[in-house]
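[1] Here is the input, now give the coordinates:
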Amino acid sequence: MSLRIPPSLLHRRFFLLWAGLMISLAGSQMQIWALFWHIRTLTKAPLALGGIGLARILPVLVFSLIGGSFADTVNRRKILFVTQTGMALGALALGLLTLLGHIQLWHIYFLTALQAVAVSFDTPARQAVVPNLVPPKDLPNAFSMTSIAGQTGSIVGPALSGLIIAYWGLSYIYIINAISFLAVILALVMMGSIPQQAQPTKQPAVNLTAIREGIQFIVTHPIILSTMVIDFFATFFSSANTLMPIFARDVLGVGAIEYGWLSAAQSIGALMAALVVSQVKEIRQQGPAFLVSVAIFGFATIAFGLSPTVAVAMLALILVGAADSVSTIIRNTIRQLQTPDYIRGRMTGVNQIFFMGGPQLGEVEAGLVAQFFGAPFAIISGGIGCLVAVAWIVRRWPQLWVYRGDEAIKAGI
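    Reported below is the predicted structural model:
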């Protein structure tokens, strides 16, 4: 198979957004893994690490539906200007507090929560704007390239995070992240205006009626709903990222540099998988491919929890990331192609509760289980829970198992 330029990158505005995100997401990943290490430095309690999950998910639960409605009503490019600036200021505050030696645990939770509010508006606008930048035929490729941008950042970010923690200190990670948001802001300036469709029969508005319409759309489309539900449960049970510093320090007995590479391992696998998918013209049998990838995700999580060495843990996490990347590309393609543009923001807002609620609440669950039974048990039991969730989804929505990807999705329950 000869390599080719991904068709989505031939569209200038998408390329600008993609390049900006690759830089910004690297900074964001640096901060996420630095926060876990920072909290572990301030306290040894696993529950404290679970607390960062609450700080990140509670604002999403409160504001996601509103953020989705905004993305269908307000110009998505303008929303991204505001949200990217807000997240940059939050990172800068973390950096300055740490640099001055005034940082406390509550500062981390509070500033993380404020950034999560911005994310609640940023994610629906950012995902919903992609179909405005490329034609439908290039949309699967666009999501594959978006995954590559995210996973590249997730490799570079944690790896640099470990090095910077070891040689410079935590404060510089937060400051560098603040600067990285300028890449997206500059891309938005260079892109110019981005047209988006309004609902044909109604005056666009942000209200309860519009929010209910978005929820009703999800509920009446079983293929879309089933992918959201499995996304939630798989990541809820198999979310072990916050336990990584405990697993690295207390189970494997390694330091900050090894921790950085363990943190990047999932993204190495995800990037490899996304690169392969980016070269595939068409993904066939999307339903079975999606479900199998989630099952592999669960098995690989179990293998990680059983890992006796750094090398085995790295291999297991690479497989976790590859499986997650494939499932992410497929489910994003299903949702965006089958959702009209006027309601894409609201659909993504509802979806944000599932795909962020799962891992963030999962971090709390993992912290609780680890507090009483240890980190390895929390990880292994989570992988088993993921497999049980896959089996239940296949039984509850059998149409997902036979979904090919080229048939129309009809409303129903």
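[2] Could you report the separation of residue 174 from residue 131?
    When distance is defined by Cβ to Cβ, to the nearest Å, residue 174 is 33 Å away from residue 131. In this view, the C-beta of every residue, glycine as well, is placed from N, C-alpha and C.
[3] These two - which one has more neighbours?
    Using other Cβ atoms under 10 Å, the more surrounded residue of residue 174 and residue 131 is residue 174, with 26 against 20.
[4] just checking, what packs against the helix or strand hosting the more buried one?
    Using DSSP states H and E, residue 174 falls within helix 170-191. Under the contact definition 3 or more Cβ pairs under 8 Å, 6 or more residues apart in numbering; DSSP states H and E, helix 170-191 sits against helix 12-42, helix 76-99, helix 139-167.
[5] check contacts around the nearest residue to residue 336 once chain neighbours are set aside.
    Spatially, and ignoring its direct neighbours in sequence, residue 336 is nearest to residue 131 (5.6 Å; Cβ to Cβ, 6 or more residues apart in numbering). Taking Cβ atoms under 8 Å, 6 or more residues apart in numbering, we find residue 131 in contact with 139, 336, 341, 344.
[6] Now go through those residues and say which are in helices.
    With DSSP state H as the criterion, helices contain 139, 336, 344 from among these.
[7] so what pLDDT did the second one get?
    What the model reports for residue 336 is a pLDDT of 71.
[8] so who does it touch?
    Going by Cβ under 8 Å, 6+ apart, residue 336 touches 127, 130, 131, 139, 143, 344.
[9] now do the first one
    Neighbour list for residue 139: 8, 130, 131, 333, 336, 337 [criterion: Cβ under 8 Å, 6+ apart].
[10] try the last one
    Taking Cβ under 8 Å, 6+ apart as the criterion, residue 344 is in contact with 71, 72, 127, 128, 131, 336.
[11] that older thread, I'd like the contacts of residue 131 laid out as CSV, including distance to residue 376.
    As requested, those are exported to CSV (distance: Cβ to Cβ, whole Å):
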residue, distance to residue 376
139, 40
336, 38
341, 46
344, 41
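[12] Under the pLDDT cut-off, which ranges of the stretch 201-350 of the chain? List them.
    When residues are selected by pLDDT under 70, those of the stretch 201-350 of the chain lie in 201-207, 239-242, 280-283.
[13] Residue 17 against residue 133, yeah?
    Yes. Contact between residue 17 and residue 133 holds when scored by Cβ atoms under 8 Å: they sit 6.8 Å apart.
[14] which of those two has more neighbours?
    Neighbour tally, residue 17 and residue 133, criterion other Cβ under 10 Å: the higher count belongs to residue 17, 26 against 20.
[15] what about the more buried one, distance to residue 309?
    According to Cβ to Cβ, residue 17 stands 40 Å off from residue 309.
[16] coming back round to it: quick one: which of the contacts of residue 139 is nearest to residue 389?
    Distance from residue 389 was checked for each of the contacts of residue 139 by Cβ to Cβ. The minimum falls on residue 333, at 21.3 Å.
[17] Tell me, how many residues neighbour that closest one?
    Other residues close to residue 333 by other Cβ under 10 Å number 20.
[18] do the same with residue 251
    A total of 17 residues lie near residue 251 under the criterion other Cβ under 10 Å.
[19] go on, residue 372?
    9.
[20] Report the inter-axis angle for the helix or strand hosting it versus helix 76-99.
    Mapping residue 372 onto the secondary structure by DSSP H and E places it in helix 344-373. Taking axes from the mean of the first three to the mean of the last three Cα atoms, to 10 degrees, helix 344-373 and helix 76-99 form an angle of 30 degrees between their directions.
[21] For the following helix or strand past helix 344-373, which residues meet the burial criterion?
    Using DSSP H and E, the next helix or strand after helix 344-373 towards the C-terminus is helix 375-396. Judged by neighbour count using 16 or more other Cβ atoms under 10 Å, the buried positions of helix 375-396 are 375-376, 378-387, 389-390, 393-394.
[22] min pLDDT across the residues you listed, which one?
    By pLDDT, residue 375 ranks lowest within these, coming in at 81.
[23] Tell me if I'm right that that one and residue 250 touch.
    Yes. Using Cβ under 8 Å, residue 375 makes contact with residue 250 at a distance of 7.2 Å.
[24] Just the buried residues of stretch 291-304, please?
    Buried positions in stretch 291-304, judged by neighbour count with 16+ other Cβ under 10 Å: 291-304.
[25] same question but for stretch 11-20, I mixed them up
    In stretch 11-20, the ones that count as buried by 16+ other Cβ under 10 Å are 11, 13, 14, 15, 16, 17, 18, 19, 20.
[26] what does that stretch rub up against?
    8-9, 129-130, 133-134, 138, 142, 145-146, 149, 183-188, 190-192, 194.
[27] Let me see the mean pLDDT of it.
    92.
[28] Only C-alpha atoms, please: export it in PDB.
    As requested, C-alpha coordinates have been extracted for stretch 11-20 and formatted as PDB (Å, rounded to 0.1, in the frame of the first residue of the first chain):
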ATOM      1  CA  HIS A  11      -8.500  21.500   2.700                       C
ATOM      2  CA  ARG A  12      -6.700  24.600   3.900                       C
ATOM      3  CA  ARG A  13      -8.900  25.500   6.800                       C
ATOM      4  CA  PHE A  14      -9.000  22.000   8.200                       C
ATOM      5  CA  PHE A  15      -5.200  21.800   7.800                       C
ATOM      6  CA  LEU A  16      -4.800  25.000   9.900                       C
ATOM      7  CA  LEU A  17      -7.000  23.700  12.600                       C
ATOM      8  CA  TRP A  18      -5.300  20.300  12.600                       C
ATOM      9  CA  ALA A  19      -1.800  21.800  12.900                       C
ATOM     10  CA  GLY A  20      -2.800  24.100  15.700                       C
END
